[in-house]
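Peer 1: any chance you could fold what I've pasted below:
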Amino acid sequence: MAKRPLPPRPRKIPKGPAKPAPAKGPEGSKRSKSASLLIYLIVICCFGNLLPYIITTSVNCGLARGFIRQEAFDHLVSVRDIKKRELENYFFERRGDAYQLCTNILFKWAITSYIDAYKRGGSEGKKYAGIDGVRYKEVDERYHKILSGFADAYGYYDVLIVDPEGNVVASARKNPELGQNLATDKYKDTTLYRAFEEGKVGLSVTDMAWYEAYNGPAQFVSAPILRESGESSLLGVLILFMDGQQINEMMEQRPGLKESGETYLVGENYLMLSDSRFTMAASEVLKLRVDTKPVALALDGNTGVRIAEDYRGVKVLSAYTYVQIAPDVRWALLAEIDKAEALSIENSMITRVVWMTFAMIPIWAIIIFVFFRIMRQEFLYEDEER
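Peer 2: Alright, predicted model coming up:
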């Protein structure tokens, strides 16, 4: 029995126009080789030159940036530590001045004469007592040059001698405190009275505070004046009056801190204790509040460096530490410089590297183009020979 033939399969009708087949002649082969060659050169250039250059430059820039920042911080730390030693030496010398005066035989004799003339009028009787008495004027004429000469030589605003009852019996500058009693309401709430009370017990340094009678910042060093050895009774209290000018001049010296650098002091109440170089119109001592992170860290007893905002709201490189003026008095010492100025070399270096990278892109493009043309001609020459 004969097999029946199978029906023919239906032809698939294409939905769109048929795409021309890629050229397989010599021209198509040449274009394919040229494209492959160009891609090969670009890949070789990117991974063989551009990528290593970017990696190497990034690493070198990072190392350079770290070195620049470390150098800037090291200089700030050096200035900060120098200022701290200067301040510690300054107050050590002030304590030494008070101790030397209180133990000097001639000075003790002068103190005894002042107190005796002020209280009893000397041998002439009580009616000659007080700073207007004849005896007092004789004593003052004899010994005042000692006080004023000492104040001039060591830069004190005033040198005061106070008897145990709080009467100011002598003043190197003859300021309004002379003849006044510090226990009265006028002085009882002042730093001067506190210096007197602490000075009766031992050698003391007060914090810097506003003194209304002086109408400015004042700080006092006080010490007890005791009678001759063997007698423990208090003869009087010596008070050295400092107006902060020497401290301010010390802080104004800023070696190597460029245009925006400065060193300054801040008290435990976060008020500036030395003038800011950016506010030259008027003194900012005990007026300008400086509540920044470096100040808070320094007043907590820390020492270090950091990038932070200063009291002007400007980013600065800050080196901070604390200075222990007295057992209960601590100041913050800061050496700072604007970040933009301190790291200007870093910024210019990065800018130059970026521009150099962009400038090398067209150079690499030209190199790729030249090699592409040369190698393409070689391939064409080889194909013609075949």
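
Peer 1: all helices for the stretch 201-350 of the chain, in order.
Peer 2: With DSSP state H, counting those that start in this stretch as the criterion, the stretch 201-350 of the chain has helices at 245-252, 293-299, 339-342, 344-385.

Peer 1: what bridges to the spatially closest residue to Arg173 that is not a sequence neighbour?
Peer 2: Once flanking residues are discounted, Arg173 sits nearest to Asp158: 4.6 Å by C-beta to C-beta, 6 or more residues apart in numbering. For every residue, glycine as well, the C-beta is placed using N, CA and C. Taking DSSP bridges, one finds Phe241 as the beta-bridge partners of Asp158.

Peer 1: from Ala223, how far off is Asp158?
Peer 2: Going from Asp158 to Ala223 by C-beta to C-beta, to the nearest Å gives 15 Å.

Peer 1: what's the spacing between Ile247 and Leu343?
Peer 2: Ile247 sits 30 Å away from Leu343, going by C-beta to C-beta.

Peer 1: neighbour-wise, which of Asp158 and Ala223 wins?
Peer 2: Between Asp158 and Ala223, counting by other C-beta atoms under 10 Å, Ala223 is the more crowded of the two (26 against 23).

Peer 1: the more buried one against Gly199, yeah?
Peer 2: Yes - between Ala223 and Gly199 there is a contact under C-beta atoms under 8 Å: 5.7 Å.

Peer 1: what sits in contact with each of the two?
Peer 2: Common neighbours of Ala223 and Gly199 (criterion: C-beta atoms under 8 Å, 6 or more residues apart in numbering): Val237, Leu238.

Peer 1: residue boundaries of the strands in the protein?
Peer 2: Here the chain has its strands, by DSSP state E, at 158-162, 168-171, 204-205, 209-211, 216-226, 234-242, 262-266, 304-309, 315-326, 329-338.

Peer 1: give me the helices and strands touching the first one, please.
Peer 2: To tie it back to what came earlier, the one meant is strand 158-162. Secondary-structure packing of strand 158-162 (3 or more C-beta pairs under 8 Å, 6 or more residues apart in numbering; DSSP states H and E): helix 105-120, helix 134-154, strand 168-171, strand 234-242.

Peer 1: excluding chain neighbours, what is closest to Thr279?
Peer 2: Sequence neighbours aside, Leu288 is the residue nearest to Thr279 in space, at 7.3 Å (criterion: C-beta to C-beta, 6+ apart).

Peer 1: phi first, then psi, for the one you found.
Peer 2: With angles defined as degrees, to the nearest 10, Leu288 sits at phi -90, psi 120.

Peer 1: same deal with the one 3 residues further on?
Peer 2: In this entry, Asp291 is assigned phi and psi values of phi -110, psi 70 (degrees, to the nearest 10).

Peer 1: ok, the closest residue in space to it that isn't next to it in sequence - how many residues close by?
Peer 2: Using C-beta to C-beta, 6+ apart and skipping residues adjacent in sequence, the residue nearest Asp291 is Tyr270, 5.0 Å away. Neighbour count for Tyr270, taken as other C-beta under 10 Å: 16.

Peer 1: for Ala298, see how far away Tyr270 is.
Peer 2: Tyr270 is 11 Å from Ala298, by C-beta to C-beta.

Peer 1: also Ser276?
Peer 2: Taking C-beta to C-beta, one finds Ser276 at 17 Å from Ala298.

Peer 1: who's more crowded, those two?
Peer 2: Comparing Ser276 with Ala298 by other C-beta under 10 Å, the one with more neighbours is Ala298, at 26 against 18.

Peer 1: hang on, the earlier thing: which one of the strands of the chain lies nearest to His144?
Peer 2: Closest approach to His144 among the strands of the chain (C-beta to C-beta): strand 168-171, 7.6 Å.
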